[in-house]
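> A structural model of the following input is requested.
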Amino acid sequence: MAKRKGYVIYDKPYQLNIWGFRSKNTTPNAFDDEIHVFTNIAKEGKPVWAYMVFKCTTDPGTYWLRNPMNPQGTAILNPGQYENAYQLGLHQGKYKALVQTGAKVSVTRDYDRDAVLDFNNGKTATGFFGINIHRANKIGTTFTVDKHSAGCQVFKNVGDFDFFLKLCELHRSIHGNRFTYTLVDERMEERKNLKTLAIGMALVVLAFGGFFLIDGEEK
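Purely as a prediction, here's the structure:
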């Protein structure tokens, strides 16, 4: 996927690749997405990859969908790779997290103030919106998003988040305080794959003179 999209994969020792995967489920207020973190742990020679998956949300919670802070609607981060867009800092000045500080990010604003996630119908904007990567509750596991995300990428479990921060600290000590975040929308990828498959089948049909055989019958 990275090669097809032209995305960067970082392969220097302990340099983090941080990818979010937005699930096909469009029900709001659920931690039904994933953050994948992978890094080369070999100090020299051929890369040896460590790969970790954490439950999260990449979508805003129901509260902020209904009560947006911005009159144009609550921000939903658009899929893409945001190179060097993040660094270790303080989320809302309160606790350590990855905060948006480098390159701009792209969002779609859900403006209709209901509890339905609208990924394709709002206004698109690019800039600095405080779309951070942080935790939900400071203790244990959180089961509903609620006020924990107004567009941020939020870890479900605080233990996972604390471990993630340790990886970020190691990255910073070697490669500096800049991090790239890549977001993939699984529904969009599925649609692209189906479209590619349909085009491929059409080309096959054309190559065989506009017909093909199924169970010995001409179609």
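
> show me what contacts Glu34?
20-21, 23, 53-56 (CB atoms under 8 Å, 6 or more residues apart in numbering). Any C-beta I mention is one placed from the backbone N, CA and C, and that applies to glycine too.

> show me which of those has the smallest pLDDT value.
The lowest pLDDT within these belongs to Ser23, with 94.

> I figured that one was touching Val184, is that so?
No. Counting by CB atoms under 8 Å, Ser23 stays clear of Val184, with 10.4 Å between them.

> more neighbours, the two?
Val184 (21 against 17; other CB atoms under 10 Å).

> helix/strand/coil for the more buried one?
strand (DSSP: H, G, I helix; E, B strand; the rest coil).

> what does the one 5 residues further on give?
Recorded secondary structure, Glu189: helix (three-state DSSP).

> let the chain start at 52 from now.
Sure thing, new numbering starts at 52, so read that last one as Glu240.

> do you know how far it is from Ser74?
11 Å (CB to CB, to the nearest Å).

> also His185?
Relative to Ser74, and taking CB to CB, His185 is found at 19 Å.

> remind me, longest strand of the protein?
Scanning the chain for the strand with the most residues, using DSSP state E, yields strand 131-142.

> what lies in contact with that one?
56, 58-59, 147-157, 183-185, 203, 216, 219-220, 223, 228-234.

> give me the buried entries from these.
58, 147-154, 156-157, 183-185, 203, 216, 219, 223, 228-234 (16 or more other CB atoms under 10 Å).

> filter the residues you listed down to just the ones in helices.
Here DSSP state H is the test, and the buried ones among the contacts of strand 131-142 give 216, 219, 223 as lying in helices.

> need these in a markdown table (columns: distance to Gly96 and pLDDT).
Below are these laid out as a markdown table (distance: CB to CB, whole Å; pLDDT from 0 to 100):
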| residue | distance to Gly96 | pLDDT |
| --- | --- | --- |
| Leu216 | 28 | 98 |
| Cys219 | 25 | 98 |
| Arg223 | 24 | 98 |
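
> out of the residues you listed, the closest to Asn129 would be?
Cys219 (23.1 Å; CB to CB).

> and for the nearest residue to that closest one once chain neighbours are set aside, the neighbour number?
Leaving aside its chain neighbours, Cys219 sits nearest to Leu139 (5.7 Å; criterion: CB to CB, 6 or more residues apart in numbering). Applying other CB under 10 Å, we find 17 residues neighbouring Leu139.

> who does Leu139 form a beta bridge with?
On the basis of DSSP bridges, Leu139 is bridged to Leu149.
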